[in-house]
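In: Pasting a predicted model and its sequence here:
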Amino acid sequence: MADVLQFTRDGAIGRLTINRPEKQNMLTLAQLAELNQMLGKVGVDKELKAVVVGGAGADFCRGRDPAGAPEAAPTTALAMRGALIDPILGFYAAVRACEVPLIAAVQGAALGFGCAIASVADITIAADDARFAFPEMRHDLPPTLAMSAAMDRMPSKALLWMVYSTKEIDANTALSYGLASQVTSRAGLDTAVKEMTDTLTARRRDAIVTVKRYAQRARLADMPASADLAGNMLAVVLSSKSG
């Protein structure tokens, strides 16, 4: 399992790689729990200014590995919550708790949980061969967890179309839906990611952290509260620069 999830450091940039190309980077629940722990640790690392998550091989991540999936066996709602739901929600919480931006570098298929990773990431850079889908309804499984990851990223009609139709969308459609931030050629994916991380490396960490915190909190606030929060958070950063 240790080889499936790899963390490396390149100066102020952390890199989390799903290294299971023989399984299209599908993750077991145990591997997902390990991913949550890793992200929880690197997310508060004061030396990092961004974390990039990517997948080895042709695909980014084709979702959860069905082997040993608890939904295949009868169980109670409480047991299902602990075995399946909490680890997935734990990942979304870890992304949001990560102090610096999580950048998803997506090539090939990003399906199910893989699509949710791309959705919940702060920035998603997609290769032009990337494909995104929430296919769970093909098995009458409502993907409410994945929807919770995408709800504040995508327009409701786009998200519901993806969920109900179960169809794959290409990278440019993902860009128009707000699921992707940038589309580049497959050959240029690493370069596009490096341009973004180089830009962040040149910035002060407290400024980077403030932008992410504001984006999260302002979504839930009304306009006057959002404006007041913007002023307070900027004042803190400016005062720290002059002090």
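Out: In hand now; what should we look at?

In: All the helices of the protein, in order from the start?
Out: With DSSP state H, the ranges of helices along the chain come out as 29-42, 77-80, 86-97, 113-120, 144-150, 156-165, 171-177, 189-201, 205-218, 223-242.

In: tell me the angle of the longest one relative to helix 205-218?
Out: Put simply, helix 223-242 runs at 170 degrees to helix 205-218, going by axes from the mean of the first three to the mean of the last three C-alpha atoms, to 10 degrees.

In: I'd like the numbering to begin with 46 instead of 1 from here.
Out: All set: I'll call the first residue 46, so the last point we hit is now helix 268-287.

In: How far does helix 268-287 sit from its chain's centre?
Out: Going by C-alpha atoms, centre = their mean, to the nearest Å, the spacing between the C-alpha centre of helix 268-287 and its chain's C-alpha centre is 27 Å.

In: List of residues touching that helix?
Out: Arg249, Asp251, Ala252, Thr255, Arg258, Tyr259, Arg262, Ala263, Ala266 (C-beta atoms under 8 Å, 6 or more residues apart in numbering). Yep, even glycine has a C-beta here, placed from its N, CA and C like the rest.

In: Go again with 7 Å.
Out: Asp251, Ala252, Thr255, Arg258, Tyr259, Arg262, Ala263, Ala266 (C-beta atoms under 7 Å, 6 or more residues apart in numbering).

In: what number of residues lie near Arg249?
Out: Counted by other C-beta atoms under 10 Å, the residues lying close to Arg249 total 12.

In: export the contacts of helix 268-287 to TSV and tack on distance to Asp235, pLDDT and neighbour count?
Out: TSV is the format used below for these (distance: C-beta to C-beta, whole Å; pLDDT from 0 to 100; neighbours: other C-beta atoms under 10 Å):
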residue	distance to Asp235	pLDDT	neighbour count
Asp251	28	96	13
Ala252	25	96	15
Thr255	28	95	17
Arg258	29	93	13
Tyr259	29	91	17
Arg262	33	84	14
Ala263	32	80	16
Ala266	37	73	14
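
In: and of those residues, the nearest to Lys68?
Out: For these, the closest approach to Lys68 (C-beta to C-beta) belongs to Arg258, at 35.7 Å.

In: any idea how far that closest one lies from Val97?
Out: Relative to Val97, Arg258 is positioned 20 Å away (C-beta to C-beta, to the nearest Å).

In: Now do the contacts for the residue positioned nearest the centre of the chain.
Out: What sits nearest the mean C-alpha location of the chain, by C-alpha atoms, centre = their mean, is Ala166, with 2.9 Å. Counting by C-beta under 7 Å, 6+ apart, Ala166 makes contact with Val98, Val140, Leu147, Ile148, Ala149.

In: How many neighbouring residues does the second one have?
Out: Val140 has 23 neighbours, counted by other C-beta under 10 Å.

In: quick one: it and Ala195, what's the gap?
Out: Val140 sits 12 Å away from Ala195, going by C-beta to C-beta.

In: what do you get for the fourth one?
Out: From Ile148 across to Ala195, the span is 17 Å (C-beta to C-beta).

In: Repeat that for the last one.
Out: With the distance defined as C-beta to C-beta, Ala149 ends up 13 Å from Ala195.

In: If Ala154 is in a bridge, with which residues?
Out: Per DSSP bridges, the residues bridged to Ala154 are Arg176.

In: how about it, what does it touch?
Out: Ala154 makes contact with Gln69, Asp104, Phe105, Arg107, Arg176, according to C-beta under 7 Å, 6+ apart.
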